[in-house]
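# Based on what follows, work out the 3D shape:
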Amino acid sequence: MIGGFCVSCVLFAKEDRTGLGQLVNSPMTNFTRAKKTLDEHQLQETHVVATESMAAFMRQTEKGELSVGQLLLSEARSNVQKNCTILKSIVNTLILCGKQNIALRGHGDAGRGGNQGNFHALLKFRLDAEEVLESKFFSVCADEAADTANREQMALIVRFVDKQGHIREEFLDFIHCDEGTTGRALSGKIISSLQNNGLDMNYLRGQGYDGVGNMASIREGAAAHITAIYPKALYCHCAAHVLNLCVVAACKIQAVNKTMTTTKEINLFFSHSPKRQQELECHIAKMEGTGSNRRKLVDLCRTRWVARIEAFETFDWLFPAVVNTLEEVSQALVVVKKTLGYVKGLTRSLQQRASDICKAYNLPSPTDLPQEIHNWTNSWRRHESPLPDNPADALHYAHTTLYPNINCLL
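Residues are numbered from 1 along each chain as shown. Now for the predicted structure:
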């Protein structure tokens, strides 16, 4: 067949080629009118579509790019997979509420701006977890502590960058360290928890723990075991823990240590007695111009030394009320001390092994003893005589008729 054809139209034109004429169904043989024929053919819609199809085919063949149809199909499959993931989260949330006997609405279901109910809250929590998967790269932070049942629990936190470019840290899981607290055991727990939550460990880029041996040891620490499997997961000593260690070292200074000990003892003095706490609150209420709603002292954190700043700020703020309350308590202590001092000797006499009921009957009466001491003191003052230096001399002047209780005690 002699003549010219349009390659793109012959190969990629539509299936129904009726009426396409020269360059497609038949060759172009009249070359005297070739320019006019080619210009008219170039403007036809069939030629434009065929040319685009041919260019897409060349790109796919030479560069591996997908065609428009394949791109649309891939996008459709991606949407289907995304919708399946969302539907799976909804179904799993419903199953969780059913297993745990949790009402879907809870106390109320006010919709937007209010309490959206248990189901919506749990679903939102799952959707927040999905953001970690969408961010792709992430880091992990973990710390272990003993709970009230004296079992080791490890809190797992993931750190990632969300779609808005904000750095976020989200709680992921509580891990029961039932296989021990060695570095190998803890690393296995961390990896299992991350994988169970759908995170790809190949995108783990950082680890943040404290500096204890089972976490930070270069050979047997949890960080070392994870880095051996995933080399891009670099370990960094927790900066907050480093600061905490510096404060701990500073607290070894005697003056600082005494200040913390005194503050802690005063805090315990009030917190262990509702009556003393009530007295403190009364004095706090009398303070004018404080501009604060603080009504009690804050306990000093035992592990996070840096967090103690709030306790010291509260103590400094309420210091006048603390002093006034302690002065009031001290006055009561003086009264109690004098009162108990009257019966100290009587108590010791009653506790002697040789004491019997008859001797106990003849012991001083606590009700008469204060009056005898008062009369005894006044008698010495009236005579302006020097006070006895020892119990033997005092006994010589303690008349059995006037001062029977004092005579018995001496």
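# Buried residues, stretch 150-164. List them.
Neighbour counts over stretch 150-164 (16 or more other CB atoms under 10 Å) mark 152, 154, 156, 158-160 as buried. Yep, even glycine has a C-beta here, placed from its N, CA and C like the rest.
# and if you look at stretch 295-302?
297-298, 300.
# what's the closest of the residues you listed to residue 70?
Nearest to residue 70 among these: residue 298, at 63.7 Å, using CB to CB.
# Against residue 263, how distant is the nearest residue in space to that closest one that is not next to it in sequence?
Using CB to CB, 6 or more residues apart in numbering and skipping the chain neighbours, the partner closest in space to residue 298 is residue 311 (4.2 Å). From residue 311 over to residue 263 the distance is 7 Å, taken as CB to CB, to the nearest Å.
# what do the two both touch?
residue 300 (CB atoms under 8 Å, 6 or more residues apart in numbering).
# For the helix or strand harbouring residue 140, give the mean pLDDT please.
Take DSSP states H and E as the rule and residue 140 turns out to sit in strand 138-146. For strand 138-146, mean pLDDT is 85.
# Could you do stretch 210-222 as well?
Mean pLDDT, stretch 210-222: 83.
# now stretch 252-259
81.
# So which residues make contact with that stretch?
By CB under 8 Å, 6+ apart, the list of residues contacting stretch 252-259 reads 250-251.
# Extract the CA atoms of that stretch and return them as PDB.
Output of stretch 252-259 as PDB, limited to C-alpha atoms (Å, rounded to 0.1, in the frame of the first residue of the first chain):
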ATOM      1  CA  LYS A 252      23.000  17.200  97.500                       C
ATOM      2  CA  ILE A 253      24.200  20.700  98.600                       C
ATOM      3  CA  GLN A 254      23.400  20.900 102.400                       C
ATOM      4  CA  ALA A 255      21.500  24.100 102.300                       C
ATOM      5  CA  VAL A 256      19.300  23.000  99.400                       C
ATOM      6  CA  ASN A 257      18.800  19.500 101.000                       C
ATOM      7  CA  LYS A 258      17.700  21.000 104.300                       C
ATOM      8  CA  THR A 259      15.200  23.300 102.600                       C
END
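# which SS state does residue 14 fall under?
Judged by DSSP: H, G, I helix; E, B strand; the rest coil, the three-state class of residue 14 is coil.
# quick one: which of the buried residues of stretch 295-302 is nearest residue 12?
residue 298 (77.8 Å).
# Now do the same for the closest one: its pLDDT.
pLDDT, residue 298: 81.
# what about the closest residue to residue 241 other than its chain neighbours, distance to residue 57?
Nearest non-adjacent residue to residue 241, counting by CB to CB, 6+ apart: residue 210, 4.4 Å away. Counting by CB to CB, the gap from residue 210 to residue 57 is 59 Å.
# more neighbours, these two?
The residue with more neighbours, out of residue 210 and residue 57, is residue 210; 18 against 14, by other CB atoms under 10 Å.
# Just to check, that one is in contact with residue 143?
Yes. At 6.3 Å, residue 210 and residue 143 qualify as touching, with contact defined as CB atoms under 8 Å.
# Pull up the overlap in contacts between those two.
By CB under 8 Å, 6+ apart, the residues touching both residue 210 and residue 143 are residue 238.
# Does residue 181 belong to a helix, a strand or coil?
Classified using three-state DSSP, residue 181 is coil.
# contacting residues around it?
By CB under 8 Å, 6+ apart, the neighbours of residue 181 are 144, 152, 214.
# Tabulate the residues you listed in JSON lines, adding columns for distance to residue 20.
Below are these laid out as JSON lines (distance: CB to CB, whole Å):
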{"residue": "144", "distance to residue 20": "76"}
{"residue": "152", "distance to residue 20": "79"}
{"residue": "214", "distance to residue 20": "78"}
